[in-house]
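S.K.: sequence and predicted structure, then a few things I'm wondering about:
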Amino acid sequence: MVKITLLISIILLTCTQNAKSQVKPWPVSAEDAGKINPIPVELKNLGIGRNIFTRTCVACHGAKADGKGLIPSASLIDETFQKQSDGSIFFKINTGRDKMPPFKGMLKEDEIWSVVNYLRILVNRSALPPAKDVNLEISTGEEIKSITAYVHSADSAKLPFPEVDVHFYIKRDFGLMRIGELSNYTGADGKVKVVFPEKIIGDKEGNVTVLAKVEDNFLYNNSEMAVERKWGEQMVTEDEKFNQRALWGSRDKSPVWLLLLANGIIVGIWGVIFYVIYNLFRIKKTGKIFIKE
Amino acid sequence: MTDLHRKEIEIKKEQFQELVAELHSPLNRTSSSFKIWIGFLLLLMGTAAFMYVRQLRFGLGTTDMRDIASWGLYIADFVFLIAVSLVGSLITAILKLSNIKWATPLTRISEIIAVAALFSALLIIVVDMGRPDRLWHIFVYGRLQSPIVWDILVVNTYLVISILLLYIPLIPDIALLRKTMGHKPKWQQKMYKILSLGWQGTEDQVKVLNLSLKALMVVIIPVALSIHTVTSWLFASTLRPGWDSTIFGPYFVAGAFMVGAATVIVTMYIIREAYNFKEYITDEHFDLMGKLLVLTSLVYLYFNLNEFMVPAYKMKSGESAHILGLLVGDYSLMFWSVQIIGMIAPIFLMAFKPFRKPKPMLVISVLIVIAAFLKRFLIVTPTLLHPFLPIQNYPESYHHYNPTFSEMMITVGSIAGIALVISIFTRLFPIIPVSETAHEQGFPNEIINNS
């Protein structure tokens, strides 16, 4: 009995080793907390902040910054976080703690300040003017494979919009692949150009779908446009390999040796089973004859 | 016929009737403790059923299985149950074909364990499925190249053979029941009538019966070996640390014989105590089963040595996290408890005769069975938590596997189901073969068939 209880307690012990982490206070010195944010809350800076946020913060803190990313982490939009000074938030991003990495070496100071500004805007969007509708057009250069996005107002005047961040993508089988820079700002003529990368595989004819998007923008509503160009390399599939009988083949392409072996065994064993079941009927039959007599 | 001869037959007849009455005694019992026991088992199974309905409603999220540890307690339970079921072939076929007579009273016990464990194993594998409504896909779309399909084939084949191997030696006994159980409810008598197949014990019938039995006993051995070998291939054919082993087949089979023998010892102890069968399941049986258990345990120990010593000596970079986790890391406590309490200590103790008495054997066997279950868990889960490619971008909780209450209750329910099947079986059919025992005690055919 003693041994059994010991063993059971061992099982229980090994099964319940899941301690939950507790929130520790994170002190920031008055000097650090009092630092003034040198970066103005401007659209361009907010764009930089947002891009850094999507690249480095979303994984843990979640797309909504509510702390529900892959690793449970602090919510960046709740009151306890937001009531900290800009300096405190800057200090924490800069130095890191536990699973929060220090971003000192990875980001410039200005970039961190931009992220702080972005986090502020997340809970206070009313600080920004209402978003405008835009239209987006794509034109392509054939000499050098390039895509030019032209952003203009949605009305008939078609006024070009400068300083709009456009995202470029190539459509792949399972999603969109980003090309160009993280931010591509339109010039005074409302246009921005990116170069189509080399060695992109398209479909069997080499067709590739290219997209340009104005998205997640503070100032403008979403807009996008797609074009198809024969810019990619042709996809070559070797169907012959898939049509062979092989272990990796589909159901109707099992190797012959496997079919023979497996079915041979099945027939052999089930033959005996059916023979035995047949014998049971024989026993029953002889029993009946006996009773009749 | 002389008077003397007639008198002798009369005496034999009386002796035979005594034997039958004794072996049939569990069927005539009406005890409240049995009802409480059945009620207890039903309660456990009811809890499991409730948890399963909950799992169907809310999905496998009610378990702690996630992307990384996608197999857990259920699969460990499945492997454990398959291992237990292997004993049916060990006791009934291997011992019988080698003409070992002492195992006769244990054949039916081991066969019913095998059948009950297999049913339970088939259920638990459905429980493990996220979409059990797609079970039929395996029959319609299954590829013969996949070990999963082999497993489905071989488990079902083994189940059919085991049921036949349980049923066929039972036919003469059921014919006897038909004669002696006239006071039982109608449905029960009808069941005996149908199942007895009009058995009269004629020469023809005996010949056909023995032929069928022999064929089954020969066939069940390769099928039994393949059922657990294929189960081991579900692991071994996957490229993962700890599973990527060439000896997984025999390693699993050896372990199965060990836990199977231990399960039989536990069951035969309970049956012997519950139904007072001390004359039929003797201390000698425990002694011999103990020796058999030492043998199977030694073979398993040898495989364990190979399975862990060789990779631990090489410490290949991909596997070292897994091996170290078992030997000195997160799972080391469980690993060493299983190896020492569940294998090395029992082998050492059972080498001495006093420990092969019924009571010590019971304690040792219970420890072996529990350890065997945990061993299956150690085979399934730690490997999954140490894949060759590093675990990245997963939530923290995905890095561990701790079975939830729901999983544990369903697993307990699957074991309770086995106990329930065996318990009810002992009340409907003689758990110790009557006609075989009579034959071995030298009663002539006429008496067995005509009394």
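M.R.: Okay, I see it. Numbering: from 1, shown residues only, chains lettered A, B, ... in the order given.

S.K.: going forward, measure contacts and count neighbours with C-alpha atoms only.
M.R.: OK.

S.K.: pretty sure B:Ala69 sits in a helix.
M.R.: No - assignment of B:Ala69 by DSSP: H, G, I helix; E, B strand; the rest coil gives coil, placing it outside any helix.

S.K.: for B:Val115, report the pLDDT, please.
M.R.: On pLDDT, B:Val115 comes in at 94.

S.K.: neighbours of B:Ser317, how many?
M.R.: Here the count is done by other C-alpha atoms under 10 Å in any protein chain shown, and B:Ser317 has 10 residues near it.

S.K.: ok, it to chain A distance?
M.R.: Look at B:Ser317 and chain A: by C-alpha to the nearest C-alpha, to the nearest Å, they are 26 Å apart.

S.K.: ramachandran coordinates for residue 107?
M.R.: Reading this off chain A. phi -120, psi 150 (degrees, to the nearest 10).

S.K.: if you could check chain B rather than the one you did, that'd help
M.R.: The phi/psi pair for B:Thr107 (degrees, to the nearest 10) is phi -60, psi -50.

S.K.: over to the one 3 residues further on?
M.R.: Backbone geometry at B:Ser110, expressed as degrees, to the nearest 10, gives phi -70, psi -30.

S.K.: my guess is it contacts B:Val87. True?
M.R.: Yes - B:Ser110 is within contact range of B:Val87, at 6.2 Å (criterion: C-alpha atoms under 8 Å).

S.K.: could you tell me which residues touch both of those two?
M.R.: B:Val264 (C-alpha atoms under 8 Å, 6 or more residues apart in numbering or on different chains).

S.K.: could you list the buried residues of the helix or strand B:Phe40 falls within?
M.R.: With secondary structure defined by DSSP states H and E, B:Phe40 is part of helix B:32-58. Across helix B:32-58, burial judged by 16 or more other C-alpha atoms under 10 Å in any protein chain shown covers B:38, B:41-42, B:44-45, B:47-49, B:51-52, B:55-56.

S.K.: what's around residue 286, how many residues?
M.R.: Chain wasn't specified; assuming chain A. With other C-alpha under 10 Å as criterion, A:Thr286 counts 17.

S.K.: actually it's chain B I care about, not the one you picked
M.R.: 22.

S.K.: over to the one 5 residues further on?
M.R.: Each residue near B:Lys291 was counted by other C-alpha under 10 Å, and the total is 18.

S.K.: pull the contacting residues for the residue in the stretch 1-150 of chain B positioned nearest to chain A.
M.R.: Across the stretch 1-150 of chain B, the shortest distance to chain A (C-alpha to the nearest C-alpha) belongs to B:Arg143, at 4.6 Å. Residues near B:Arg143 by C-alpha under 8 Å, 6+ apart: A:250-252, A:254, B:149.

S.K.: what subset of those residues is buried?
M.R.: Buried among those (16+ other C-alpha under 10 Å): A:250-251, A:254, B:149.

S.K.: which one of those is nearest to B:Pro311?
M.R.: Distance to B:Pro311, by C-alpha to C-alpha, is smallest for B:Val149 among those, at 29.7 Å.

S.K.: which SS class is A:Lys193?
M.R.: strand.

S.K.: swap in the one 4 residues further on?
M.R.: For A:Pro197, the secondary-structure state derived from three-state DSSP is coil.

S.K.: and the pLDDT at the residue of the stretch 251-400 of chain B found nearest chain A?
M.R.: Going by C-alpha to the nearest C-alpha, chain A is nearest to B:Pro395 of the stretch 251-400 of chain B, at 4.3 Å. Per-residue pLDDT puts B:Pro395 at 80.

S.K.: how many residues are close by it?
M.R.: With other C-alpha under 10 Å as criterion, B:Pro395 counts 14.

S.K.: for chain B, see how far away the closest residue to A:Asp165 other than its chain neighbours is.
M.R.: Once flanking residues are discounted, A:Asp165 sits nearest to A:Tyr185: 4.5 Å by C-alpha to C-alpha, 6 or more residues apart in numbering or on different chains. A:Tyr185 sits 31 Å away from chain B, going by C-alpha to the nearest C-alpha.

S.K.: quick one: residues contacting A:Tyr185.
M.R.: A:162-166, A:192.

S.K.: identify the farthest-apart pair in these.
M.R.: Spatial extent of the contacts of A:Tyr185 (C-alpha to C-alpha) is set by the pair A:Pro162 and A:Val166 at 10.8 Å.

S.K.: which one's more surrounded, those two?
M.R.: A direct count of neighbours by other C-alpha under 10 Å for A:Pro162 and A:Val166 places A:Val166 higher, at 26 against 17.

S.K.: do you know how far that one is from chain B?
M.R.: 28 Å.

S.K.: quick one: low-confidence ranges for chain B?
M.R.: B:1, B:451 (pLDDT under 70).

S.K.: who are the packing partners of the longest helix along it?
M.R.: Identified as the longest helix of chain B according to DSSP state H is helix B:203-236. On a contact count with 3 or more C-alpha pairs under 8 Å, 6 or more residues apart in numbering or on different chains; DSSP states H and E, helix B:203-236 meets helix A:256-292, helix B:73-85, helix B:147-167, helix B:248-275.

S.K.: okay, the angle between the longest one and helix B:147-167?
M.R.: Right, helix A:256-292. 20 degrees (axes from the mean of the first three to the mean of the last three C-alpha atoms, to 10 degrees).

S.K.: likewise for the second one?
M.R.: If you take the same axes, to 10 degrees, helix B:73-85 sits at 40 degrees to helix B:147-167.

S.K.: can you list the residues of the stretch 151-293 of chain A near chain B?
M.R.: Residues of the stretch 151-293 of chain A found near chain B (C-alpha under 8 Å from any C-alpha of the partner chain) are A:247-248, A:250-252, A:254, A:258-259, A:269-270, A:272-273, A:275-276, A:279-280, A:282-284, A:286-288, A:290.

S.K.: of the residues you listed, buried ones?
M.R.: Applying 16+ other C-alpha under 10 Å to these flags A:250-251, A:254, A:269-270, A:272-273, A:276, A:279-280, A:282-284, A:286-287 as buried.

S.K.: pick out the most distant pair among those.
M.R.: A:Ser250 and A:Gly287 (50.0 Å).

S.K.: report the angle between the helix holding B:Phe40 and helix B:248-275.
M.R.: 140 degrees.

S.K.: follow-up on the earlier one: so which of the helices and strands packed on helix B:203-236 gets nearest A:Ile121?
M.R.: helix B:73-85 (47.2 Å).

S.K.: and that closest one, what does it pack against?
M.R.: Using 3+ C-alpha pairs under 8 Å, 6+ apart: helix B:73-85 touches helix B:104-127, helix B:203-236, helix B:248-275, helix B:358-385, helix B:405-428.

S.K.: relative to helix B:73-85, how tilted is the second one?
M.R.: Spelled out, it's helix B:203-236. Going by the same axes, to 10 degrees, helix B:203-236 makes 140 degrees with helix B:73-85.

S.K.: same check, this time on the third one
M.R.: Relative orientation of helix B:248-275 and helix B:73-85, computed by the same axes, to 10 degrees: 70 degrees.
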